[in-house]
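Asker: Next one to model:
(one chain, ligands or ions: 1)
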Amino acid sequence: MGFMSVLSFAHKLTEGRLSSGGLAIDATVGTGSDTLFLARTAGPRGGVYGFDIQPAALELAEERLRLAREEATAALSPVTLLQQSHAAMAEDVPPGWRGTVSAVMFNLGYLPTGDADKTIITEPASTLAALQAALALLRPGGIITAVLYPGHAGGGSEAAAVEAWAAGLAQQEAQSIVYRQLQRASAPYVVAVEKKKGADQSWQ
Ligand code: SAM
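Answerer: Have a look, this model is predicted:
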């Protein structure tokens, strides 16, 4: 049977915490598959923000969302896509979202299309800034998922930085886990962080 793929695992963790009417953020929109997943899960009464630095990615995502809306007009959340680094997340989402977001998804690395420039990758400094901002935006019980790709140049150090960040969070504020195939060091894996229910939000 095999274990769940890393993408399915990230979706599974998110589905358990993002319900109809909830708020969610796709920190790395890419082709928009996670954005669409979040918009479907949060439904028409929810809300989704998406970030990517590449116009080509946002165009692909817009098209994916447009086609999905044609199929089921009322089923998706309103989605705001921004050509902006996820490091600016805290300033770019509405102030009222702080402490109320149920899920933030990161899928790091490069845009996975044939003609994409694969030298445009997520970078540790902005990724860590975005993760910290995401944690502040989460509601207690909300989740951050990060799919990490140690197999490409620069991906290993970024994955290690994310893992170290998650491992260093205070246990009373958040719980962090890793989902990883142990025999293939270069295989993608997931780090997930759940904000503790009783977390004191003033520390962020
Ligand atoms: N989840 C996406 C999908 O379904 O296609 C895949 C995301 S792809 C692996 C990573 C994306 O992160 C790329 O589209 C890239 O342009 C974007 N990216 C790189 N640096 C970024 C940054 N600082 N802020 C936001 N997005 C960034």
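Asker: I'd say residue 165 and residue 130 touch.
Answerer: No. Using Cβ atoms under 8 Å, residue 165 is not in contact with residue 130, being 10.7 Å away. C-beta coordinates here come from the backbone N, C-alpha and C atoms, glycine included.
Asker: higher neighbour count, the two?
Answerer: residue 130 (25 against 19; other Cβ atoms under 10 Å).
Asker: For residue 70, see how far away the closest residue to that one other than its chain neighbours is.
Answerer: Nearest residue to residue 130, sequence neighbours excluded (Cβ to Cβ, 6 or more residues apart in numbering): residue 86, at 3.8 Å. For residue 86, the distance to residue 70 (Cβ to Cβ, to the nearest Å) stands at 28 Å.
Asker: How is residue 51 assigned, secondary-structure-wise?
Answerer: Following DSSP: H, G, I helix; E, B strand; the rest coil, we place residue 51 in the strand state.
Asker: Remind me what the longest strand anywhere in the chain packs against, helices and strands.
Answerer: Longest strand in the chain, counting residues (DSSP state E): strand 138-148. The elements that strand 138-148 packs onto, with contact taken as 3 or more Cβ pairs under 8 Å, 6 or more residues apart in numbering; DSSP states H and E, are helix 6-15, strand 101-107, helix 124-137, helix 155-167, strand 189-195.
Asker: Just name the most buried of these.
Answerer: Most buried of the helices and strands packed on strand 138-148, by mean neighbour count (mean count of other Cβ atoms under 10 Å): strand 101-107, with a mean of 27.
Asker: Next, the angle helix 155-167 makes with that strand.
Answerer: For strand 101-107 against helix 155-167, the angle by axes from the mean of the first three to the mean of the last three Cα atoms, to 10 degrees is 160 degrees.
Asker: Perfect, I'm done here.
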